[in-house]
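1. sequence unknown, structure follows:
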């Protein structure tokens, strides 16, 4: 998407006759990108006044959170793919003003994911400082999309203590990953539950963390509340 600051600067410099090539180079843009910005917007079903307004810095600032909200709601909360975002932009008419190709939106979605992860780490550290002590039961499971991952869930709140890819699912790998995930958190894991995998038994049942609850307990929970890992499978 266009940067409102870059657009404002480009418009001002082009208005006084500066060459596109120099303006593009100074702003760190490809000349073809700047030329595209200078082309009239395909209005389509949008009113002409709206089409003109979204080309202003204020209009670009309005479009940014709108497109980010679509990515957040559709891909993160809704669990749909980027192609659904493409479809939304096309059907809504917003594709007249913002790029709606898969490649364009893939880059934006990747940047959004990185930003969310960074904020999550910041918030986790900030909230942990004043966290009262809690004893936890954890549910543990291996998942395989697209490669093997270790997932540890607190079943009451749905809070993910751990969600990471791993080279193997040995007991030592589980123990190390969970211990790292608990650093800085005022939690004591008093019980673990999951399937009958030998490594999970060894990791929790014979390790320093907690006693083990066999798969029957997890099955009973799943029958009543739904399997806690359905969202990851």
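-> Cool, got the structure. Bear in mind the structure is a predicted one, so any value in this text is a computation, not a measurement. Numbering: from 1, shown residues only.
2. Counting by contacts, list what the longest helix seen in the chain packs against.
-> In terms of residue count, the longest helix belonging to the chain (DSSP state H) is helix 102-128. For helix 102-128, the packing partners by 3 or more Cβ pairs under 8 Å, 6 or more residues apart in numbering; DSSP states H and E come out as helix 57-71, helix 82-92. Backbone N, C-alpha and C define where each C-beta goes, glycine included.
3. Next secondary structure after it?
-> Next helix or strand after helix 102-128 toward the C-terminus (DSSP states H and E): strand 134-143.
4. tell me which residues of that following strand are tucked away?
-> For strand 134-143, burial by neighbour count (16 or more other Cβ atoms under 10 Å) applies to 136-142.
5. I'd guessed residue 101 sits against residue 85; true?
-> No. With contact defined as Cβ atoms under 8 Å, residue 101 does not reach residue 85; the gap is 10.8 Å.
6. rewinding a little: switch the helices and strands packed on helix 102-128 over to CSV; also include mean pLDDT, mean neighbour count and distance to residue 202.
-> Converted to CSV, the helices and strands packed on helix 102-128 look like this (pLDDT from 0 to 100; neighbours: other Cβ atoms under 10 Å; distance: least, Cβ to Cβ, whole Å):
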stretch, mean pLDDT, mean neighbour count, distance to residue 202
helix 57-71, 90, 16, 41
helix 82-92, 92, 16, 40
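7. Give the buried residues for the longest helix of the chain.
-> 105, 108-109, 112.
8. and what of stretch 169-182?
-> Buried residues in stretch 169-182 (16+ other Cβ under 10 Å): 169, 171, 174-175, 177-178, 181-182.
9. try stretch 142-158
-> By neighbour count with 16+ other Cβ under 10 Å, stretch 142-158 contains the buried residues 142, 149-155.
10. Name the nearest of these relative to residue 26.
-> In terms of Cβ to Cβ, no member of the buried residues of stretch 142-158 lies closer to residue 26 than residue 149, at 44.8 Å.
11. pLDDT weak spots in the protein?
-> For the chain, applying pLDDT under 70 flags the ranges 1-2, 4, 39-45, 205-233.
12. Nearest to residue 20, out of the helices and strands packed on helix 102-128?
-> helix 57-71 (18.6 Å).
13. Can you tell me what sits against the closest one?
-> For helix 57-71, contacts defined as Cβ atoms under 8 Å, 6 or more residues apart in numbering pick out 1-5, 7-8, 53-54, 85, 88-89, 94, 97-98, 105, 108-109, 112.
14. can you pull the contacts of the most centrally placed residue in the chain?
-> For the chain, residue 113 is the residue whose C-alpha lies nearest the centre (Cα atoms, centre = their mean; 3.4 Å). The neighbourhood of residue 113, defined by Cβ under 8 Å, 6+ apart, contains no residues.
15. same thing but at 10 Å, please
-> Residue 113 sits next to 71, 75-76 when contact means Cβ atoms under 10 Å, 6 or more residues apart in numbering.
16. again, but for residue 107
-> By Cβ under 10 Å, 6+ apart, the residues touching residue 107 are residue 99.
17. And for residue 140?
-> Contacts for residue 140 (Cβ under 10 Å, 6+ apart) come out as 150-153, 161-162, 169, 174, 177-178, 192-195, 197, 199-200, 203-204, 212, 218, 229.
18. Tell me how many other residues crowd the residue lying closest to it once chain neighbours are set aside.
-> Once flanking residues are discounted, residue 140 sits nearest to residue 194: 4.4 Å by Cβ to Cβ, 6 or more residues apart in numbering. Around residue 194 sit 26 other residues, with neighbours defined as other Cβ atoms under 10 Å.
19. Kindly report the same for the one 3 residues further on.
-> By the criterion of other Cβ under 10 Å, residue 197 has 16 neighbours.
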